[in-house]
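Student: Give me coordinates for this.
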Amino acid sequence: MAGNAGNAGNAGNAGNAGNVANAGSGGGGWIFPDRIDLPFITETGVSTNRTTVTEFPDRSWTPDWYAWRLLAEFAIHGGWSTITVAQPNYANTGAEIDALVTMAKDERADALGEIFAQNDEFLSYFMALLNVTPNSHPNTCRVMTTASLIALQVAMYWKAYYKRPRPPQICPALLPPIQVPGHASYPSGHATQAHLVALCLESVLPASVQPMANDLTILAGRIARNRQIAGLHYQNDTDAGVRLASDLYNILDDKTSVPSFDDLVTAAKGEWP
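Tutor: The predicted model follows:
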């Protein structure tokens, strides 16, 4: 029966994480086979050619690695430790589990596609909605990736603080269709990330496309709710994530807290007519 461990192949469904390459994460990309008998470097004259490049150019930072640069600044100077996340509503856990059971019965089959696709990454959904790519709007994509990473870092702090068990640890029959994440439940990381991304994008969009701001919020809510349909989060987790995203946005919107992020938002605005 150990052969059933082959079901670990279902992790291949996380292959949708390949979409993260669209967000410039460095995943995927080009692959160039080179000849074994005649590598390109052996072509006449090419091995002695040199450029005058002296530093790694800013434009070559992919959104994910650029986000790590800003995360360090946010962690040191962002003032995120002033945020307080209220404790989970444990008294309502039974009713929330019942609601998740109903979701699993009524909605999970239809939602499976999105649940799988959004498990490891969902920024490509925002990119598709806005019709942007790392090539067309590199700084806008950096804003998204940075917001997502910052949200995840702070959410993990509070997950470790409250240590709330996941719904299937209380009701195993929920049996989520994807692996239960190896961290605590509260607050929802997906909710925090998606809603902070939406808020930051709203600050970037010009008046001509501001009507899409509501679409971004709805998309963020849909991403968060899919995690409940999957049986991974309580409604209380989602609500806390939405509030945390708002608190984080207020810090990022304070132009003195994380100056590099403010500069990034300004650059992203310049990408929109």
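
Student: so where's the stretch 1-150 of the chain shaky on pLDDT?
Tutor: Where the stretch 1-150 of the chain drops to pLDDT under 70, the residues are 1-29.

Student: any chance you could map the helices in it?
Tutor: Using DSSP state H, counting those that start in this stretch, the helices of the stretch 1-150 of the chain run over 63-77, 93-106, 108-117, 123-130, 138-162.

Student: Show me the one of these that comes nearest R222.
Tutor: helix 108-117 (7.6 Å; C-beta to C-beta). Where C-beta positions appear, they are placed from N, C-alpha and C, glycine not excepted.

Student: The closest one packs against which elements?
Tutor: helix 213-229 (3 or more C-beta pairs under 8 Å, 6 or more residues apart in numbering; DSSP states H and E).

Student: Buried residues in the next helix or strand after the helix it packs on, which are they?
Tutor: Later in the chain than helix 213-229, the nearest helix or strand by DSSP states H and E is helix 235-253. For helix 235-253, the neighbour count (16 or more other C-beta atoms under 10 Å) marks 235-245, 247-249, 251-252 as buried.

Student: ok, so of the residues you listed, who is nearest D98?
Tutor: Q235 (11.0 Å).

Student: List the contacts of the closest one.
Tutor: By C-beta atoms under 8 Å, 6 or more residues apart in numbering, Q235 lies in contact with E96, A99, Q228.

Student: Throw those residues into TSV and include distance to L129, thanks.
Tutor: Formatted as TSV, the contacts of Q235 follow (distance: C-beta to C-beta, whole Å):
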residue	distance to L129
E96	29
A99	28
Q228	21
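
Student: Filter those residues down to the buried ones and hand me the ChimeraX line.
Tutor: Applied in ChimeraX, the following selects the buried portion of these according to 16+ other C-beta under 10 Å:
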select :96,228
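
Student: burial of K105, as a residue count?
Tutor: By other C-beta atoms under 10 Å, 9 other residues sit near K105.

Student: Equivalent analysis for the one 5 residues further on, please.
Tutor: Here the count is done by other C-beta under 10 Å, and D110 has 10 residues near it.

Student: got it, and T192?
Tutor: Around T192 there are 34 residues (other C-beta under 10 Å).

Student: wait, doesn't D253 sit right on S203?
Tutor: Yes: contact criterion C-beta atoms under 8 Å: D253 and S203 qualify, at 6.8 Å.

Student: residues touching Y125, list them.
Tutor: Contacts of Y125 (C-beta under 8 Å, 6+ apart): A117, Q118, L219, I223.

Student: Quick check: which of the helices of the stretch 1-150 of the chain is buried the most?
Tutor: Sort those by mean neighbour count, taking mean count of other C-beta atoms under 10 Å, and helix 138-162 sits at the top with a mean of 23.

Student: that older thread, okay, the helices of the stretch 1-150 of the chain in TSV with distance to F40 next?
Tutor: TSV is the format used below for the helices of the stretch 1-150 of the chain (distance: least, C-beta to C-beta, whole Å):
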stretch	distance to F40
helix 63-77	27
helix 93-106	54
helix 108-117	37
helix 123-130	33
helix 138-162	28
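
Student: Quick check: S246 touching T192?
Tutor: No: assessed by C-beta under 8 Å, S246 is found out of contact with T192, at 9.8 Å.

Student: Can you tell me the closest non-neighbouring residue to the most centrally placed residue in the chain?
Tutor: By C-alpha atoms, centre = their mean, the chain has its centre lying nearest to S148, at 4.4 Å. Leaving out its chain neighbours, the residue that sits closest to S148 by C-beta to C-beta, 6 or more residues apart in numbering is Q193, at 4.6 Å.
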